[in-house]
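**Student:** predicted model and sequence follow; I will ask about them next.
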Amino acid sequence: MKALAAALLVFVAACGQGRAIFNVDVLSFLSSSDSLKRYSVPGGIPQADSAFARRFYLPPGFGKSAIDSVSATAAASVIDTSGSGSVRFDVFFAKTQAAVFAGTPYVTANSRALVAPDSVALLPPTTVSLADTVFNTDTVWVGVRARISTNIGPNMAGRFRLTTLRLRIVVADKLF
Amino acid sequence: MRTGVVAVALALLVLAPLLPRPANAQFSFDARRYGMGGVSLSRDGNARRYNPAYRAVKNKSHVAGAPRFSIPVPLGLIQFFKDHPINKMSHDPMFSPDSAAFNPIAMMNLVLNPPIFLEVKKAPTPTNDVNFTLGRNQLVIDLGASKVLIPEQDFGLGTTSRLLDAGFGAAGFNVGVMGFIQYDVTFNLDSTLRNFLTKDSTALPNTAYFVNVDGTAQAGFAPTVSYAGRLLRGAGGDDTDDGFYVGGALHYYFGATYARGVGPAGFTTGNPVLGSAPTPLLNGNFYTSRKPFGKGVGGDVGVVWISGPFEVGAGVNDIGAELTWDHTKIQHFFYNTTTKQIVDTVLVTDTTSKTKLPITYIANAALQMGTGTTVGGDVINSGRGTVIHVGAEQRTGPFAIRGGVSRDQRKKMQFGFGGGVRLGPIGLDVGFWTHSNSLSTQRAITMATSISFY
């Protein structure tokens, strides 16, 4: 992947003042076990997290490049099969694994109060961050978290499915 | 290493439009030549280099009022050092690969197009956005207008140079030694890669995308016996250059060293197309001479006919120049997908191989039409394609105007125009010349300036 990315950058360098726009389908690089999480949280728990973090490679030139903007688009669905509560959906990006869930999420959405057998789509708006320094690196970590809050009562169980996770990274120039 | 293999291969691909064409056919420090589209109306330079018959012709210009020599006025360097001060060069992003502003394309352009003269119109490079769509199942590259940069045919660089040509002789015969260096690298995009970059834009799974590379470099020296003389005298008699001249040279080549590499370089996609890292593709042979003195015989021939205001000549170099290398090692290089390393194995330790020096040639003609008008043209092939120059000069008193056209090695028409003024023993010449050496489909214009001494 790094080799391919490096080769791609050669083309970008040939394009004068033009921008390089990388549309990355991050979801497609995740495993099915990452994109679909089953949960079962006892009732009355104010906060339980189901999360994962994965590293993926960016073209080497990103480490020296000026990132014009990063747009993150994500969507998820929650199917509540038992119990009641709510789910908050967060997507993070960070340079290191330790920092993945420490910062402010790029994308976030809250479900309404769920009662089985509710099924709800979480469709947060696309966020745009300008001059993003997180992506001034060759590798970046992506973290997806479902933060579950349950009401007093039976276990809240169900499925959380990540349905969309895309990045649009606009690099101004000078990728080398 | 994987990064390097693919990146270098594609870098060369992108750089194709600016790779150097044999420069000696077009590059000069003489503004007068720029103004005439690259044609040289003098008997030095290319004429004497490629046509052995010119050794018998007096080394003077046949252009009335032509200078003894010219030196360039490097306005381009002034601008360059203004933009890149010497005392700040260590921090100049252009020369600092660690800088975010470092751009190897610009650096390469600088090397291939030295800023001796002023670039009055820079060739615009495509400024469109380039879109990459990356997913486990897809790799789409939309180069937009930059697709025009992808070469449709073979491309490369190479030339044959004679770095040394010394000797002595009498009565037209000459004995000496000639040093030579020749290199040629050709790149050819596989049709799959070309279609991917220019048409489909979508990479297929389990598909190899590669560039075929064939490069040779060799150098050595050649003891030479040559003859140049005037066989027939013209109507003008001995006081003029009129006559028919012939020249020939026989070379016994001693190759000092050579190397050749042949094979594809690229990458192979996975299935799904980006389900795994694309595998570098490298699979070629490398030939090297283990001992010096590859041997061969070749020759040059040339003729010149001068009749009053008319002059025509033709010369061919390195005819039949094939060198036999008795001690050649052949290695096979390939990328091992298991160990993820480039592996080389020796196929043959010591064998015989042959290389050729490309035939180079020139044909030139000039005519003084009277009233200060001179027209001329030449056709030169210095090893990688033919360049044609046609130009004219009109002198009126101390003034001169010039114009010309040329067809470069990319078969693109180029244009030159200019003028000059002579004030006593010193003259100032200006020439404008279009060229397409830059990374662009459009022409740039260079303004050359030089001072001539009469």
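**Tutor:** Yep, that arrived.
**Student:** secondary structure element for B:Phe415?
**Tutor:** Assigned by DSSP states H and E, B:Phe415 belongs to strand B:413-423.
**Student:** direction included, what does that strand pair against?
**Tutor:** Strand B:413-423 sits in its sheet next to strand B:399-407 (antiparallel), strand B:426-435 (antiparallel), going by DSSP bridges.
**Student:** and residue 32, how many neighbours?
**Tutor:** The chain I'm using is chain A. A:Ser32 is flanked by 7 other residues according to other C-beta atoms under 10 Å in any protein chain shown. For the C-beta atoms, the positions are set from N, CA and C on the backbone; glycine is no exception.
**Student:** correction: the question concerned chain B.
**Tutor:** By other C-beta under 10 Å, the residues close to B:Arg32 number 30.
**Student:** the helices in chain B, which residues?
**Tutor:** Secondary structure of chain B (DSSP state H): helices located at B:2-15, B:31-35, B:46-50, B:75-83, B:104-112, B:191-195.
**Student:** between those helices, which gets the lowest average pLDDT?
**Tutor:** Across the helices of chain B, helix B:2-15 has the smallest mean pLDDT, namely a mean of 40.
**Student:** just the element for the residue most central in space within chain A, please.
**Tutor:** In chain A, the residue lying closest to the centroid (C-alpha atoms, centre = their mean) is A:Val91, at 3.7 Å. Secondary structure assignment for A:Val91, by DSSP H and E: strand A:84-94.
**Student:** and after that strand, which helix or strand comes next?
**Tutor:** strand A:107-110.
**Student:** so who does the residue nearest to the centre of chain A touch?
**Tutor:** Contacts were defined as C-beta atoms under 8 Å, 6 or more residues apart in numbering or on different chains; by that measure A:Val91 touches A:72, A:74, A:105-108, A:142-145, A:165.
**Student:** quick check: bridge partners of it?
**Tutor:** A:Val107, A:Val144.
**Student:** how much space between it and chain B?
**Tutor:** When distance is defined by C-beta to the nearest C-beta, to the nearest Å, A:Val91 is 17 Å away from chain B.
**Student:** any idea how far that residue is from B:Ala47?
**Tutor:** Counting by C-beta to C-beta, to the nearest Å, the gap from A:Val91 to B:Ala47 is 71 Å.
**Student:** any idea how many residues pack against B:Ala53?
**Tutor:** 27.
**Student:** report pLDDT for the closest residue to it other than its chain neighbours.
**Tutor:** In this structure, B:Ala53 finds its nearest non-sequential neighbour in B:Gly247, 3.4 Å apart by C-beta to C-beta, 6 or more residues apart in numbering or on different chains. We have a pLDDT of 96 for B:Gly247.
**Student:** Provide a list of residues in contact with B:Gly247.
**Tutor:** By C-beta under 8 Å, 6+ apart, the neighbours of B:Gly247 are B:51-56, B:226-229, B:300-304, B:315.
**Student:** filter those down to the ones in strands?
**Tutor:** B:226-229, B:300-304, B:315 (DSSP state E).
**Student:** just the buried members of these?
**Tutor:** With burial judged by 16 or more other C-beta atoms under 10 Å in any protein chain shown, the buried subset of the ones in strands among the contacts of B:Gly247 is B:226-229, B:300-304, B:315.
**Student:** sorry, back to before: dump the strands paired with strand B:413-423 into a markdown table; add mean neighbour count as well.
**Tutor:** Shown next, in a markdown table, are these (neighbours: other C-beta atoms under 10 Å in any protein chain shown):
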| stretch | mean neighbour count |
| --- | --- |
| strand B:399-407 | 21 |
| strand B:426-435 | 22 |
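**Student:** got TSV for those, with distance to B:Gly255 and mean pLDDT too?
**Tutor:** TSV is the format used below for those (distance: least, C-beta to C-beta, whole Å; pLDDT from 0 to 100):
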stretch	distance to B:Gly255	mean pLDDT
strand B:399-407	33	94
strand B:426-435	34	92
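**Student:** which one of those strands lies closest to A:Phe135?
**Tutor:** When these are compared for distance to A:Phe135 using C-beta to C-beta, the nearest one is strand B:426-435, at 39.0 Å.
**Student:** the spatially closest residue to B:Leu347 that is not a sequence neighbour pairs with what?
**Tutor:** The shortest distance from B:Leu347 to any non-neighbouring residue, by C-beta to C-beta, 6+ apart, is to B:Ile330 (4.5 Å). Here B:Ile330 sits in beta bridges with B:Tyr287, B:Val348, going by DSSP bridges.
**Student:** same check on B:Tyr252?
**Tutor:** Beta-bridge partners of B:Tyr252, as defined by DSSP bridges: B:Val297.
**Student:** surely it meets B:Phe221?
**Tutor:** No. Proximity of B:Tyr252 to B:Phe221 does not meet the contact threshold set by C-beta atoms under 8 Å, at 9.7 Å.
**Student:** do a quick rundown of the helices in chain A.
**Tutor:** A:2-13, A:32-35.
**Student:** what's the least confident stretch among those helices?
**Tutor:** Among the helices of chain A, helix A:2-13 scores lowest, at a mean of 50.
**Student:** from memory B:Asp350 sits against B:Thr288, does it?
**Tutor:** No. Using C-beta under 8 Å, B:Asp350 is not in contact with B:Thr288, being 11.2 Å away.
**Student:** spit out the residues that contact these two alike.
**Tutor:** Common neighbours of B:Asp350 and B:Thr288 are listed as B:328-329 (criterion: C-beta under 8 Å, 6+ apart).
**Student:** check contacts around the closest residue in space to A:Val41 that isn't next to it in sequence.
**Tutor:** In this structure, A:Val41 finds its nearest non-sequential neighbour in A:Ala48, 4.5 Å apart by C-beta to C-beta, 6+ apart. By C-beta under 8 Å, 6+ apart, the contact list for A:Ala48 reads A:39, A:41, A:147-150.
**Student:** kindly report the same for A:Val120.
**Tutor:** With C-beta under 8 Å, 6+ apart, A:Val120 has these contacts: A:77-78, A:80, A:111-112, A:114.
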